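A.B. asks: okay, predicted coordinates and the sequence, questions at the end:
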2 protein chains.
Amino acid sequence: MHRIFQSAGVVTGSPDVGFLDADVRVRDGVIVEVGPALEPGGAEVVHVPGWLAPGFVQTHIHLVQTLFRGLADDLLLLDWLRTRIWPLEAAHDHDSTYWSARLGLTELLLGGTTSFLDMATVRHTDAVFQACEEAGVRAFVGRAMMDRPNEAGLSQSTEESLQGACDEADRFHGQGRLRYAFAPRFVPSCSSELLEQVAVEARKRGCLIHTHASENADEVALVRELTGRDNVVHLHERGLSGPDVCLAHCIHLTDEEEQLLADTGTRLLHCPSSNLKLGSGLARIPELIERGVHVSIGADGAPCNNRLDMFTEMRLAALIQKPRLGPTVMPAAQVLGLATRNGAEALGLEAGVIEPGKVADFIVLSPDEVNVLPSPDPASAIVYAMTPSSVREVWIGGERMVHEGRVGGWDPEETRAGVRQAIERVARRAGL
Amino acid sequence: MHRIFQSAGVVTGSPDVGFLDADVRVRDGVIVEVGPALEPGGAEVVHVPGWLAPGFVQTHIHLVQTLFRGLADDLLLLDWLRTRIWPLEAAHDHDSTYWSARLGLTELLLGGTTSFLDMATVRHTDAVFQACEEAGVRAFVGRAMMDRPNEAGLSQSTEESLQGACDEADRFHGQGRLRYAFAPRFVPSCSSELLEQVAVEARKRGCLIHTHASENADEVALVRELTGRDNVVHLHERGLSGPDVCLAHCIHLTDEEEQLLADTGTRLLHCPSSNLKLGSGLARIPELIERGVHVSIGADGAPCNNRLDMFTEMRLAALIQKPRLGPTVMPAAQVLGLATRNGAEALGLEAGVIEPGKVADFIVLSPDEVNVLPSPDPASAIVYAMTPSSVREVWIGGERMVHEGRVGGWDPEETRAGVRQAIERVARRAGL
């Protein structure tokens, strides 16, 4: 496969290169050349209707929760988990998990997300992988590991959880665009033994480790009560720190914990909508970046967002810091980098930038819509003005995945019908 | 004209009624009946593709600035005004003002806004009215009145400003759906004499008064220096308080000023995106509402937002208060009321609710898109999940104004070309 992409301009996503009037040559799914007026040399020439930009990389998603959108609004984190999310997750069957993932994947792809890190629930992780495979997206997925009992009955024994995760990793990790990520839910749900074993088994397989930390003040207090340690310190002592460890939220950190994240290269996954909607707080992102912490962005799950849309998250990541630190912090170009390049780095992907050697994961953005014009600065247009409806096409590994509002081979009517039947069944079973 | 609207459900916007499975009967642009399975009785039956909801009412907009989107990012308010916005406004000609307004009106209508309060610039207010009349929207517009000199040369003598505004009011106020609103820019731009005369002339004509107050800490300090008074107190002493006075922002208020707004029924126009992006701060909206202050919502101008989209503003109005006051404050149904019913009250319109006696200003929202499903609660779906692309149709006074992504009689290609030529000319003239 040899293609040359011609566009209205290339948003390279590289801080040194910026915006280029250039063509992009792709061979076998990988970018091999970026430059003005490339010679076809036998390539198929593809004209795309707008700017070519790197696909978004979301580093914290819960596809199994998409079905619960609108069922858990205006609640505090621990109530939200105990009275809604856990009972609903416990009520999932294989089929409802598949439709939840398919709904979320459709929204992610239509909005320009080409890769993501996802936490599933305790059971039916195979249904999430099935939907991801059908969608053709780069997906890092793992079962939510929970071995401390809770009211919803959503837990497993340490052995069952670990064995299940290892079996899933051995089955799915490296299958096409699928990767496994070990996903202990968060410290209050996980024994120290489980966390320590996750570190061993994930590293044995070259898998990422994905968890939540210090999202909420009550959670932080609970972790201190359970372990006698601050959250990030406890995880670090169990072996869960380093560039292969991805921690969602990290809002309520001590000075020691902030430094620990920087020193170990542990990845921070920032979820601005979710943090606001659950009233969790504001992560100190500009200060953490200044300190050397690696930051990327994710939409989290539909019940705490209620979108899965990187445009919303980028805009919020920029805006929410400005009243505290002034309007010049988190300028548009920096935020765009968190949503593309930094996401790819967190997942270990050669992606997120349009330059030779990276995979050809592109989105095509229309700069001509009335809600974007006159758009003199592409980074400003993308971060502050555009919405998912600005995405015209999505290409992954040089293949077109979204075209004229359709995702992959899925019939949208079938998706709607599957979703409606599934949520009716799950909500009834959960008693909601 | 006699029509019955049949839909997938009616989001009445009334806190007591909520969501109804009902038809809506409209005669001569006014709702006359809401109920299940209405008898046609000679009416034309209109099937709309989704939920019927009240059109949004935005109470603070600057159409003349739409052309400056992306030209003034990541700056502090007073720098933003002095180095970008005022020089650009001063460089406007009649034609560029028209294209700026037409661009903004297209975005407003496509996003479901049916009525709004707008502040123009010092000259060419007639070009804004021209575009509003063509669009068919309910528009309250007034020249920005500024009689204190500034570096950009964007001011007039007290007499010239006042006479110009009175002439415009006499020409446009009450023409079809157009209304005039006297718009002294803000205290630092306006002499006390001008403010006092505005109170007299506006009330003589039954026009609203529209200004900015206490958006920014430096502005508040400047007002104290210039007048020896706090902002809202100074305006009140000049006669500018009461239900016909609309104050944008109101972030930095003393206790006395908060009480003054409540006691006088002065309208507060809340602009969450703009307040974040300019680093201005967070208005204490839940506390102000509790105190009895009347609050509605506007997107402000494109250079400080950079959208003109009520969905973005509603979602932010809800989310930004939650880290401070907890996730249960500003629930979705309350915020939807600020964006519809309260906006209509601020402008003195019989609109913003679908009930007999109100004008037939409707939007049609699709609950079936993947970014909204499964949407069990309409208010949650509208405030947290939907975007302008959820708007299928817009009806004003019972007439369809938006259909299949087109606004009124405007050719979108002509809009784009007009905008591009205008911004090139204006930016060159402003030296940007």
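C.D. replies: Nice, I can see it. This is a predicted model, so every value here is computed, not measured. Numbers count the residues shown, from 1 in each chain, chains lettered A, B, ... in the order given.
A.B. asks: the helix or strand harbouring A:Thr415 and chain B, any residue contact?
C.D. replies: With elements delineated by DSSP states H and E, A:Thr415 resides in helix A:412-429, which encompasses its position. Yes - counting by CB under 8 Å from any CB of the partner chain, chain B has neighbours in helix A:412-429: A:412, A:415-416, A:419-420, A:423. No exception for glycine: its C-beta is placed from N, CA and C like everyone else's.
A.B. asks: which pair of those residues spans the longest distance?
C.D. replies: Across the residues of helix A:412-429 next to chain B, no pair lies farther apart than A:Pro412 and A:Ile423, at 16.6 Å, counting by CB to CB.
A.B. asks: leaving out chain neighbours, which residue sits closest to A:Asp218?
C.D. replies: In space, and not counting its chain neighbours, A:Asp218 is closest to A:Leu78: 5.5 Å by CB to CB, 6 or more residues apart in numbering or on different chains.
A.B. asks: state the distance from the one you found to B:Val10.
C.D. replies: A:Leu78 sits 36 Å away from B:Val10, going by CB to CB, to the nearest Å.
A.B. asks: spell out which parts of the stretch 51-200 of chain A neighbour chain B.
C.D. replies: Residues of the stretch 51-200 of chain A lying near chain B (CB under 8 Å from any CB): A:67, A:69-71, A:73-76, A:80, A:103, A:106-107, A:110-111.
A.B. asks: excluding chain neighbours, what is closest to A:Leu338?
C.D. replies: Using CB to CB, 6+ apart, the nearest residue to A:Leu338 is A:Ile297, at 5.2 Å.
A.B. asks: got a list of what that neighbour touches?
C.D. replies: A:58-59, A:269-272, A:310, A:313-314, A:317, A:338-339, A:342-343 (CB atoms under 8 Å, 6 or more residues apart in numbering or on different chains).
A.B. asks: tell me if A:Gly292 really is in a helix.
C.D. replies: No - A:Gly292: not assigned to a helix; according to DSSP: H, G, I helix; E, B strand; the rest coil it is coil.
A.B. asks: what sits against it?
C.D. replies: Neighbouring residues of A:Gly292 by CB under 8 Å, 6+ apart: A:Ala262.
A.B. asks: same question, A:Ile382
C.D. replies: A:Ile382 touches A:11, A:53, A:311, A:314, A:332, A:336, A:365, A:390, counting by CB under 8 Å, 6+ apart.
A.B. asks: ok, the last one to A:Arg400 distance?
C.D. replies: Distance, A:Ser390 to A:Arg400, using CB to CB: 17 Å.
A.B. asks: and if you look at the first one?
C.D. replies: Taking CB to CB as the measure, A:Val11 falls 18 Å from A:Arg400.
A.B. asks: of the two, who's got more company?
C.D. replies: A:Val11 (26 against 14; other CB atoms under 10 Å in any protein chain shown).
A.B. asks: how much space between that one and chain B?
C.D. replies: When distance is defined by CB to the nearest CB, to the nearest Å, A:Val11 is 14 Å away from chain B.
A.B. asks: helix, strand or coil: sort out the closest residue to that residue other than its chain neighbours for me.
C.D. replies: Leaving aside its chain neighbours, A:Val11 sits nearest to A:Ala53 (3.9 Å; criterion: CB to CB, 6+ apart). Three-state assignment for A:Ala53 (three-state DSSP): strand.
A.B. asks: so A:Pro412 and A:Ile423 - more neighbours on which side?
C.D. replies: It is A:Ile423, of A:Pro412 and A:Ile423, that has more neighbours when counted by other CB under 10 Å, with 26 against 14.
A.B. asks: just give me the neighbour total for the closest residue to A:Arg238 other than its chain neighbours.
C.D. replies: Leaving aside its sequence neighbours, A:Arg238 sits nearest to A:Leu195 (CB to CB, 6+ apart; 3.9 Å). Residues within reach of A:Leu195, counting by other CB under 10 Å, total 22.
A.B. asks: check contacts around A:Leu195.
C.D. replies: A:Leu195 touches A:184, A:187, A:235, A:238-240, counting by CB under 8 Å, 6+ apart.
A.B. asks: same question for A:Cys304.
C.D. replies: A:72, A:80, A:273-274, A:277-278.
A.B. asks: that one and A:Leu81, how far apart?
C.D. replies: In terms of CB to CB, A:Cys304 sits 10 Å off from A:Leu81.
A.B. asks: try A:Pro374
C.D. replies: According to CB to CB, A:Pro374 and A:Leu81 sit 45 Å apart.
A.B. asks: from the chain's centre, how far out does the strand or helix carrying A:Val335 sit?
C.D. replies: Using DSSP H and E, A:Val335 falls within helix A:332-339. Here helix A:332-339 shows a centroid-to-chain-centroid distance of 15 Å under the convention CA atoms, centre = their mean, to the nearest Å.
A.B. asks: following that helix, which helix or strand shows up next?
C.D. replies: helix A:341-347.
A.B. asks: doesn't A:Gly397 make contact with A:Asp361?
C.D. replies: Yes - with contact defined as CB atoms under 8 Å, A:Asp361 reaches A:Gly397; the gap is 6.8 Å.
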